[in-house]
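Chemist: build me a structure from this.
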Amino acid sequence: MPSRIIGVIAWSMQHRLLHSFSFRLAFAYMVLFGISVLLLLGFIYWSTAAYMSRQADATIAAEITGLSERYDIDGLTGLINVINERLSRKPTGSSIYLLTTTINTPIAGNLNRWPATQADKEGWLNFQLENAGRDKNEIHLARARSFTLTGGFHLLVGRDIYELEETQRRIIRALILGFAITLVLGSIGGIVLSRRVMKRLEAINTTSREIINGDLSRRITLQHSGDEFDSLAGNLNAMLDQIEELMEGVRRVSDSIAHDLRTPLARLRNRLELLRAEQEKTHQDPTLAEQAISDADGMLQTFNALLRIARIETLHHREAFKKIDLGTLLHDVIELYEPLAEEKGQSLSLQA
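Modeler: Here you go, the predicted structure:
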C-alpha cells in the first residue's frame, strides 16, 4: 500500500510538471534552441564537407595541369616517367593515375583499365576501386578527372576519396552526438527550471489556500533573491496587509455598533419588563408589552450573534466549538423551510 501511494504521488507530480506552463515554456525554448543548433551544425558540416571536396578537386586539377605541361615539354616518355616516379614514392597512396591510348589501352598508372563510369559535363568521374585498402580486399570510392592529350592519348588523374568520405562520416556522427547531448542537457535544464518555478508557485498556492481557509495572517515567504517571484510575493503580501487591515476595520466597526446598540436595547427591554409588571398590577392586557419584549430579545440575540461572528473571524475564540451532526442539522433545516416550500408549490428533499 505505501508503495502504491508513493507511485500515485509521483505520477501526480509528473502530471503536474508536464502540464505546467513553465515546462511548456522550457520545452518550447528547448525545441527552438535544438533547431538553432541543428541549423548551425548543418552549416558547419556543409561548409566543412564542401571545403574538403573543393580541396580534393583543386588538387586533382593542379596535377592534371602539371602533367599536361610535362607532356608538352618532355613528350609521352617524360609523362610516363613522372607518373611512375610519383607512384613509386607512394605506392599505397591515394593518388590515381592512368594513361591510355586512343582505344583506352593502359600505358602507365595504377589502374588496369579505364573506369566504366560516364564522365559528367566537366569531365569528372566517380567510380569504385576494387582491391583497395591496406589489405587489398576493400572497395573504395574514387573521384577522378579525364583529360585528352595531343596525339589522342587519354589521361586520368584522381584520388581515393575513402578517407574523405570517412572523415565526413565522422563529422556527421560527431554532429549527431553533439545534437543529442544538446537535447539531453536542454531537457534536464528544462525539467530543473520547471521544478524550481513549480516550487515557488506551489509555495504561493499553499499560502493562498491557507488564506482562503480564513487565516488572513498568513504571508508568502520571500527568498530575497530580487527576482520576479519575490516582487510578486511582495505585492501580494502588501495586498493581503491592506485586506487584513480593511477587514479588521470592518470587524471593529461591527463590534462597536453591536456593543453600542446592545446597551440601549437592554435598557429598552428592562423598561418593557417594568411596563408589563405595571400592566399586570393594574389588570391591563400585557400582550403588547410581551410582544415588544420578544422583539427586543430577538434583536439582542442578533447583536450577540454578530459579536460572536466577529470573534470567530479572528480565529482566536473557538473554545466553545463542538462537533455537530450535519445530518441532524440538515433535517432541522428541511423541517423549518418545508412549510414555506409547500406554500410556493415546491418540494424539499435531503440525500445524505
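
Chemist: so what's Trp337 up against?
Modeler: Quick fix: residue 337 reads Tyr, not Trp. Leu348 (C-beta atoms under 8 Å, 6 or more residues apart in numbering). (C-beta placed from N, C-alpha, C; glycine too.)

Chemist: and it, how far from Gly123?
Modeler: Counting by C-beta to C-beta, to the nearest Å, the separation of Tyr337 from Gly123 is 103 Å.

Chemist: can you count the residues close to Ala203?
Modeler: 15 (other C-beta atoms under 10 Å).

Chemist: what ranges do the helices span in this structure?
Modeler: Using DSSP state H, the helices of the chain run over 2-18, 21-89, 162-212, 228-281, 287-313, 326-343.

Chemist: for the longest one, packing partners?
Modeler: When you say that, I think you mean helix 21-89. If contacts are counted by 3 or more C-beta pairs under 8 Å, 6 or more residues apart in numbering; DSSP states H and E, helix 21-89 sits against strand 95-100, strand 106-109, strand 138-148, strand 154-160, helix 162-212.

Chemist: what is the least confident helix or strand in the chain?
Modeler: Counting by mean pLDDT, DSSP states H and E, the chain has its least confident helix or strand at helix 2-18, which shows a mean of 50.

Chemist: domain ranges for this protein?
Modeler: 23-177, 228-313, 326-352 (automatic domain parsing).

Chemist: chain center to the longest one: distance?
Modeler: In this case it means domain 23-177. Centroid displacement of domain 23-177 relative to its chain, using C-alpha atoms, centre = their mean, to the nearest Å, is 47 Å.

Chemist: report the mean per-residue pLDDT for that domain.
Modeler: Averaging pLDDT along domain 23-177 gives 83.

Chemist: begin at 28 from now on, thanks
Modeler: From this message on, residue numbering opens at 28, which makes the last subject domain 50-204.

Chemist: on that earlier part again, need the domains of the chain in a markdown table with distance to Ile239, can you?
Modeler: Below are the domains of the chain laid out as a markdown table (distance: least, C-beta to C-beta, whole Å):
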| stretch | distance to Ile239 |
| --- | --- |
| domain 50-204 | 26 |
| domain 255-340 | 12 |
| domain 353-379 | 21 |
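
Chemist: ok, which of those domains comes nearest Lys226?
Modeler: domain 255-340 (10.0 Å; C-beta to C-beta).

Chemist: phi, psi of the residue of the chain positioned farthest from its centre?
Modeler: Farthest-out residue of the chain from its mean C-alpha position, per C-alpha atoms, centre = their mean: Thr309, at 88.6 Å. Phi and psi for Thr309, reported as degrees, to the nearest 10, are phi -90, psi 10.

Chemist: what does the one 3 residues further on give?
Modeler: Its backbone dihedrals place Asp312 at phi -70, psi 120, with angles given as degrees, to the nearest 10.

Chemist: measure the residue nearest to it when sequence neighbours are not counted to Ala316 for me?
Modeler: Of all residues beyond its chain neighbours, the one nearest Asp312 is Gln306 (7.0 Å), with distances taken as C-beta to C-beta, 6 or more residues apart in numbering. Separation of Gln306 from Ala316 (C-beta to C-beta) stands at 6 Å.

Chemist: which one's more surrounded, those two?
Modeler: Ala316 (20 against 16).

Chemist: contacting residues for the more buried one?
Modeler: Leu299, Leu302, Arg303, Gln306.

Chemist: report pLDDT for the residue nearest to Asp312.
Modeler: Taking Gln306 on its own, its pLDDT is 75.

Chemist: again, but for the one 4 residues further on
Modeler: According to the predicted model, the pLDDT of His310 comes to 72.

Chemist: phi, psi of it?
Modeler: The phi/psi pair for His310 (degrees, to the nearest 10) is phi 60, psi 40.

Chemist: number of residues surrounding it?
Modeler: 7.

Chemist: Leu299 versus that one, what's the distance?
Modeler: In terms of C-beta to C-beta, His310 sits 18 Å off from Leu299.
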